[in-house]
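Trainee: 3D model of this:
(one chain, ligands or ions: 1)
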Amino acid sequence: MQNDAPHILLINPWIHDFAAYDFWAKPIGLLTIASILRMHGYQVSYIDCLDRFHPKMSHPGNVDRFGKGHYLKRQIPKPEKLYDVPRNYSRYGIPERLVRKTIEESPRPEVVLITSLMTYWYPGVIALIEIVRHMLPWVPVVLGGIYPTLCHDHAVRHAGADYVLSGESEAAVIELVDRLTAFGGEQRFIPDDLDTHPYPAFDLQSFIPYVPILTGRGCPFDCAYCASRFLNPKLRRRSPEHVVEEIAYWHEKHSVLDFAFYDDALLIDADSHIIPILEGVLARGLEVRFHTPNALHIRPLSREVARLMFRAGFKTIRLGLEMAFFDDREGMDSKVGPGEFQQAVDYLKGACFKEEAIGAYLLHGLPGQDLSELEASVKMVKSCGVRPILAQYSPIPHTALWPEAVRASRYDLVSDPIFHNNSIFPCQKEPFSWERVGYFKLLAQG
Ligand code: SF4
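Mentor: Numbering: from 1, shown residues only. All right, here's what the predicted structure looks like:
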C-alpha cells in the first residue's frame, strides 16, 4: 500500500431503539468493503459505534456465553411519534464524545462510508451523519446498507448523506470511491463470485469476541414476511473450501472460538454445501463453536446433517418455524410442512443435542394474528421439548405482507420507518401492552 494512498473512514452507527443486544452482530457488508478497499490499495480506518470493547471505555464490555453481550446504553428521549409507547428508549453504543475523539484522532479521510441495518434505526444513522458533517465538512459521506435499500426515498430525503446506495454495493462503492478520490485502478474482485471477495476486515475491530460468517447470500424461498428475495435476488454461494479457510484463518490467527452463521439458506443443497463445510472443519481439527442466530431451514435438516453439526461443534441452534400450524399457510410461506419440525427435532436429539441448545422462532405480532394460534404454537413447540423463541414481527417494505401490514397498523407505516419497530407491535390496532407481551414471554419460558 502506498503511504499517500487515500484514506477512507468506515463507520458502523449507533442503534436507537427500545431494546438491543449483541447477538453476534457485526456489519459484515461494511467490513467486506473495508477489505476490498485495502485490496485496491486504499488506507482504511474503522469506527464501531457499537464497540463493546472500546479501549477508552472505563469498563470493559461484558461477555455472555459464547461472546454475545450487552451494549453500553444511555437513555435518550423517545422519537416524538412514539411518545405513546410506555418503554424507555436508548442510544446503544459508545458515548458520543468517544466517537468524536476517535474521528479527531483518525487520519483525515477523503471519503466516509456509513452503513445501516434496520429501517427504524435511522435516527442513530442521522445523528452520526450530523456529527461527521460537522467535524469533516468537506468530506463526502456515503450511506449504504439495509435502511436505504428498503426505504431509499426516505434515506435520500432525511439521512443527510451526499450519496445513498441501495442493494449490494461492493462494486458501486469502489467505483464511487475511485471517482471521488481519483485513485484506484483495475477491479480486483468479481462481484458475483463470492470466492473472489476478501474476508470481512474483523481485524479492524478493537477485539474479536466472535466472527459472523456468511457462506452465501440469498434464499430460494420467498416468504411473505421476509425481505431476503428483495435484498439478494439470487442465491449465491461461496465454495466450501473458501468458507473452511476463513474459519481456520480467524481461529488460528486470531484465536476466535465462536462463529455465527448469518446465512438465509445455510442447509439448502446440503450435499454440496454444509456437509463439505463441516467435513472440512472436522478434517482440519478446528475446535470451534457454531451458532445459527438467523434460523435454519427445517426441511433439509437430515439425520446426517444433524450428526455432523453436533460433531463440528454447533452450540446454538435456531429453527425457522414461524408458526406451528400448516393449514392456510400458503400465503405466508412454504418452507416447512406438517411433520417436518418434529422430524428435525428428532434428528437433532438423536445426534445428542440437548433441549437447551435448540430453539424455534415463532412470529409474534403478524397483521391480523390470532393469538390463540400463537398460544397453540408455543405449546406445540414446548411439547416437542424445544424452546419457543418469540420473534416480534417487523413490517418490511417490498415484502408480500407489507400491504396487509400497512392496513393492519395503528400507525402510518408508509410515512415513517420509525413505525417499523417490532418492539411496539406496529401491526396491531391496540396500543402496546406490557401485559400481553409479558403473558407470551411467560408462556414461552414457563
Ligand atoms: S426461508 Fe427464511 S430467509 Fe428464506 S425467505 Fe423465508 S424467512 Fe426469508
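Trainee: in the stretch 251-400 of the chain, which spans are strands?
Mentor: For the stretch 251-400 of the chain, the strands identified by DSSP state E, counting those that start in this stretch occupy 258-261, 289-291, 314-322, 358-364, 387-392, in order along the chain.
Trainee: Likewise for the stretch 101-250 of the chain?
Mentor: When assigned using DSSP E, counting those that start in this stretch, the strands of the stretch 101-250 of the chain occupy the ranges 111-114, 141-143, 163-164, 211-213, 216-217, 236-237.
Trainee: Tell me which of these approaches Arg387 most closely.
Mentor: strand 211-213 (21.9 Å; C-beta to C-beta). Glycine gets a C-beta too; all of them are placed from N, C-alpha and C.
Trainee: Give me the residues contacting the closest one.
Mentor: Outside of strand 211-213, the residues within contact range by C-beta atoms under 8 Å, 6 or more residues apart in numbering are 24-26, 28, 202, 243, 246-247, 250, 256, 258-263.
Trainee: Tell me the pLDDT of the residue nearest to Arg52 when sequence neighbours are not counted.
Mentor: In this structure, Arg52 finds its nearest non-sequential neighbour in Gly61, 3.0 Å apart by C-beta to C-beta, 6 or more residues apart in numbering. We have a pLDDT of 71 for Gly61.
Trainee: doesn't Leu50 make contact with Gly61?
Mentor: No. Here Gly61 does not reach Leu50: they are 10.0 Å apart, not a contact under C-beta atoms under 8 Å.
Trainee: overlap in contacts of those two?
Mentor: Listed contacts common to Gly61 and Leu50 are Tyr71; contacts here mean C-beta under 8 Å, 6+ apart.
Trainee: one step back: possible to save the strands of the stretch 251-400 of the chain as JSON lines with mean neighbour count?
Mentor: Compiled in JSON lines, those are given as follows (neighbours: other C-beta atoms under 10 Å):
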{"stretch": "strand 258-261", "mean neighbour count": "23"}
{"stretch": "strand 289-291", "mean neighbour count": "21"}
{"stretch": "strand 314-322", "mean neighbour count": "22"}
{"stretch": "strand 358-364", "mean neighbour count": "22"}
{"stretch": "strand 387-392", "mean neighbour count": "18"}
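Trainee: Please tabulate these in a markdown table, including the columns distance to Tyr83.
Mentor: Listed next are those as a markdown table, based on distance: least, C-beta to C-beta, whole Å:
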| stretch | distance to Tyr83 |
| --- | --- |
| strand 258-261 | 36 |
| strand 289-291 | 37 |
| strand 314-322 | 32 |
| strand 358-364 | 24 |
| strand 387-392 | 20 |
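Trainee: ranges for the helices of the chain?
Mentor: 28-39, 96-105, 122-135, 146-150, 152-158, 170-181, 228-231, 240-254, 274-283, 303-312, 340-350, 371-383, 402-408, 434-445 (DSSP state H).
Trainee: For the second one, report the contacting residues that lie outside it.
Mentor: Put plainly, it is helix 96-105. Helix 96-105 is touched from outside by 9, 47, 49, 54, 56-57, 128, 131-132, 135-136, with contacts defined as C-beta under 8 Å, 6+ apart.
Trainee: Tell me which of those residues has the lowest pLDDT.
Mentor: Looking at those, model confidence by pLDDT dips furthest at Met57: 84.
Trainee: Low-confidence stretches in this structure?
Mentor: Within the chain, the stretches falling below the threshold (pLDDT under 70) are 1-2, 60.
Trainee: returning to what we had before: let me know the closest of the contacts of strand 211-213 to the ligand.
Mentor: Within the set of those, Asp263 lies nearest the ligand; the separation is 8.6 Å, counting by C-beta to the nearest ligand atom.
Trainee: Count the neighbours of the closest residue to the ligand within the stretch 51-200 of the chain for me.
Mentor: Of all residues in the stretch 51-200 of the chain, Ile146 sits closest to the ligand, with a separation of 13.6 Å (C-beta to the nearest ligand atom). A count of neighbours around Ile146, defined by other C-beta atoms under 10 Å, yields 19.
Trainee: residue contacts, it?
Mentor: When contacts are counted by C-beta under 8 Å, 6+ apart, Ile146 is found next to 116-119, 231.
Trainee: Please apply the same query to Lys234.
Mentor: If you count contacts by C-beta under 8 Å, 6+ apart, then Lys234 has Gly218 around it.
Trainee: Could you do the one 3 residues further on as well?
Mentor: With contact taken as C-beta under 8 Å, 6+ apart, Arg237 is in contact with 194, 215-216, 273.
Trainee: which residues touch stretch 73-81?
Mentor: Applying C-beta under 8 Å, 6+ apart, the set of residues contacting stretch 73-81 from outside is 16, 20, 85, 88-93, 95, 123, 411, 416, 418-419.
Trainee: do that again at 6 Å, thanks
Mentor: Defining contact as C-beta atoms under 6 Å, 6 or more residues apart in numbering, one finds that stretch 73-81 is touched by 88-92, 418.
Trainee: same question, stretch 337-348
Mentor: 298-299, 301, 303, 306, 321, 326, 358, 384, 386.
Trainee: Just the buried ones from these?
Mentor: Among the contacts of stretch 337-348, those scoring as buried are 298-299, 301, 306, 321, 358, 384, 386 (criterion: 16 or more other C-beta atoms under 10 Å).
Trainee: How about the residues of the stretch 251-400 of the chain by the ligand?
Mentor: 264, 320, 333, 335 (C-beta under 6 Å from any ligand atom).
Trainee: Thanks again, I'm all set now.
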